[in-house]
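Student: only geometry, no sequence info:
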């Protein structure tokens, strides 16, 4: 355990004890089934201990418990003619890793069925040696792994127009965090000989949409990764199998999936996805292009929208913080609608451009309360309020909403969107 | 990116360049399909780009690509009358996280089907207040997440008797690494009031074997965790759903799955699993009991047993290092059967009692070679050779084999067990 982790834990326990022994007693007294000083009389043996367990629940590739069948990605409703995306159940996640089966999706023309033996990556344009790489070539290069978040630039976008009474999955579920493994793009570009005049790169997907984005060479030579594995195993089909670009901290659509081509040039290509979409409309009617980094943001996932607190007493408020501009330095939590703020504990490891799990002990007295979280990153950026976002951008803007999410807890325990 | 990560990368690239431009050219020249200076003529469009992709490959809970159907846990062969375990495909893993579908299993009476709404944890014995906790109670307590390895004490045990010509999955596959989330056991024990005379705890599973182990109170009050989630989602059935004990760094069987009871006492209970099994036979015929920590160990997973290198040239040697006694400080790699050793690059984050991914650039000249890795941990322990393990313990010992694993690369590229 790192010194920081120890410190954090000490702080957590300190805070727990500040809210008094009552905090934990609050948990206990909430449940009348607690046995107190009954000796060993309560040691009944459950039926599953009296029988041989199953050997058939565990196939060679394992699946979640049948009791967790509702913890799934959320598909659009009503079902569209073709699936454009699905959302991660943030309210059911623990820690910082999103399991691959629950990572959100966003496609522009469905999921292509790519045979990895036939897949090729072409690198051309302003290079000395245009080249074609097979997957077998790519996996032989020196590799790297990184734990990074991935967020769609349109995540929680609808909130800018109108507060919706939904779950955190519905509002913020275009967000996941994985351990990504692949080859540093700079390693491969060096093989091709980057010409000094190259200032931008075009990345193109092999899906039916031939999804394309222009990316500055500075990013491509810095931390861009050619990713083939995710959380230890090869990419899932819907995540770009067998190869995707990964641009840590940048809006999700730029991490081109099913990557087939990178072309180097002098200017951005002005593709459909940087002219008709993924631009930020401002109040003056002009739109900003090439707003790459996802700005500092956080959201409370427990408790969150559409949940119900069953009783007064101790709760751990918990959620995620992240920033495309660096490391999370601090997360503050308010339980009084922003009047006062206290620092939350950050779970180690706190990784650059990764989701960070924050936790905050809270004693609910049964009165209405509004819960908020506010993140600060290593660039000094502070997560803004919704009013500030709308003022700085426009009520008609759609992408890059990093506003504070308030959750209102009613006296009956119901949690709703607190905007 | 941390300073250390940057340093590691610089060192990796330095090493790459030391083995010369030839290293990467070795990759390139290995594949005649590489296009060189062909202009844009090689930009053929693949069939999957010309069609709408599928919307049906991505169910609400996603699965791996159909092209990865052979990346699965290994079941015993021939199939036993009931399944006692399965092994993780270490040779196919990337990074440090083992996806839940591939985490190894070891059961003593199959997998019980436990309804989480009915599951209870009893804490009794030398406590002021014996208590029963429901899962609903447990998840309300302050939580923690940690990335830790889990290794069966019998991992690679058969090698002590006889070198087997098998894959790294067959030999070392009782090993995985996950992000575990739960409640610190000390938090719950404090609720019950630990009596000063309590020196040992008995942990009991709710499976048909009622798996039981005695654990020192010092460990229980230090970093023992009541785990309900694994890699972001609730535990898998075969991993102890809905609740398991987790003892970072200790042999796997002690992290009791399907945990139903913890009793505090003054002495170990001398259960079946600490008398008839899980003891370490020494040369003098006596057996050591209560050898808890898994000692410092590493293994090269790429390349590894039963693989075949297709051609001379650049390869990245890669694998895992871990220790139950602390952090991995250093991993050294030898490509000449242990005559000379060089330091490998450790992928950040390097976490206490976690798998650590190491990488080492290697230029294979086509001559026979023997690859080895040797880990050193923060306690100063150095991974021993097989001879040293047998000398220190006994040829008849079974558990806790942390010996160096040599892989022999033949001139034809075939990789076999190098013992």
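Tutor: Cool, the structure landed. Here the structure is a predicted model, which means the values were calculated and not measured.
Student: residue A:361: which element?
Tutor: strand A:356-364 (DSSP states H and E).
Student: list the neighbouring strands of that strand plus their orientation.
Tutor: Here the strand partners of strand A:356-364, with direction, are listed using DSSP bridges: strand A:313-322 (antiparallel), strand A:345-346 (antiparallel).
Student: the longest one: what's the following helix or strand?
Tutor: On the C-terminal side of strand A:313-322, the nearest following helix or strand under DSSP H and E is strand A:328-334.
Student: avg pLDDT for that next one?
Tutor: Averaging pLDDT along strand A:328-334 gives 98.
Student: and stretch A:86-96, by the same measure?
Tutor: Confidence for stretch A:86-96, expressed as mean pLDDT, is 97.
Student: domain ranges for chain A, per the record?
Tutor: Following automatic domain parsing, one finds the domains of chain A at A:105-279, A:297-417.
Student: and residue A:402, what does it touch?
Tutor: Under the criterion of Cβ atoms under 8 Å, 6 or more residues apart in numbering or on different chains, the neighbours of residue A:402 are A:294-297, A:383-384, A:389. Where you see a C-beta, it was placed from the backbone N, CA and C, and this is true even at glycine.
Student: sort out for me which of the residues you listed are in strands.
Tutor: Using DSSP state E to define strands, the subset of these located there is residue A:297.
Student: in a markdown table: the contacts of residue A:402, plus neighbour count, distance to chain B and pLDDT.
Tutor: Compiled in a markdown table, the contacts of residue A:402 are given as follows (neighbours: other Cβ atoms under 10 Å in any protein chain shown; distance: Cβ to the nearest Cβ, whole Å; pLDDT from 0 to 100):
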| residue | neighbour count | distance to chain B | pLDDT |
| --- | --- | --- | --- |
| A:294 | 25 | 17 | 98 |
| A:295 | 20 | 19 | 97 |
| A:296 | 26 | 18 | 98 |
| A:297 | 30 | 19 | 98 |
| A:383 | 25 | 22 | 98 |
| A:384 | 19 | 26 | 97 |
| A:389 | 21 | 28 | 93 |
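Student: in helices, which of the contacts of residue A:402 appear?
Tutor: Using DSSP state H to define helices, the subset of the contacts of residue A:402 located there is residue A:389.
Student: on that earlier part again, now the strands paired with strand A:356-364 as a markdown table including distance to residue A:286, mean neighbour count and mean pLDDT?
Tutor: Rendered in a markdown table, the data for those read as follows (distance: least, Cβ to Cβ, whole Å; neighbours: other Cβ atoms under 10 Å in any protein chain shown; pLDDT from 0 to 100):
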| stretch | distance to residue A:286 | mean neighbour count | mean pLDDT |
| --- | --- | --- | --- |
| strand A:313-322 | 28 | 25 | 97 |
| strand A:345-346 | 38 | 24 | 98 |
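Student: adding distance to residue B:231, write those strands out as a markdown table.
Tutor: Written out in a markdown table, the entries for the strands paired with strand A:356-364 read as follows (distance: least, Cβ to Cβ, whole Å):
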| stretch | distance to residue B:231 |
| --- | --- |
| strand A:313-322 | 15 |
| strand A:345-346 | 20 |
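Student: go through those and name the closest to residue B:411.
Tutor: Each of these has some distance to residue B:411 by Cβ to Cβ; the shortest is strand A:313-322, at 50.1 Å.
Student: what angle separates that closest one from strand A:328-334?
Tutor: Relative orientation of strand A:313-322 versus strand A:328-334 (axes from the mean of the first three to the mean of the last three Cα atoms, to 10 degrees): 140 degrees.
Student: strand A:313-322: how far from the chain's middle?
Tutor: Taking Cα atoms, centre = their mean, to the nearest Å, one finds the center of strand A:313-322 at 16 Å from the center of the full chain.
Student: re the thing from before, could you check the angle strand A:328-334 makes with the helix or strand that the strand holding residue A:361 is followed by?
Tutor: Of the helices and strands lying after strand A:356-364 in sequence (DSSP H and E), the nearest is strand A:369-377. On the basis of the same axes, to 10 degrees, strand A:369-377 is oriented at 170 degrees to strand A:328-334.
Student: and the strands in the stretch 201-350 of chain A?
Tutor: In order along the chain, the stretch 201-350 of chain A carries the following strands (DSSP state E, counting those that start in this stretch): A:212-216, A:225-230, A:233-234, A:244-246, A:259-265, A:280-281, A:287-288, A:297-302, A:313-322, A:328-334, A:342-343, A:345-346.
Student: tell me the contacts of the residue of the stretch 251-400 of chain A found nearest chain B?
Tutor: Residue nearest to chain B within the stretch 251-400 of chain A (Cβ to the nearest Cβ): residue A:349, separated by 4.7 Å. Residues in contact with residue A:349, defined by Cβ under 8 Å, 6+ apart, are A:2, A:147, B:147, B:349, B:351.
Student: may I have the phi/psi pair for residue A:366?
Tutor: Backbone torsions of residue A:366, given as degrees, to the nearest 10, read phi 90, psi -10.
Student: do you know the pLDDT at it?
Tutor: Here the pLDDT value assigned to residue A:366 is 97.
Student: kindly report the same for residue A:54.
Tutor: Among the per-residue scores, residue A:54 shows a pLDDT of 82.
Student: near it, how many other residues are there?
Tutor: A count of neighbours around residue A:54, defined by other Cβ atoms under 10 Å in any protein chain shown, yields 17.
Student: so can I have CSV of the domains of chain A showing distance to residue B:326?
Tutor: Conversion of the domains of chain A to CSV gives the following (distance: least, Cβ to Cβ, whole Å):
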stretch, distance to residue B:326
domain A:105-279, 21
domain A:297-417, 16
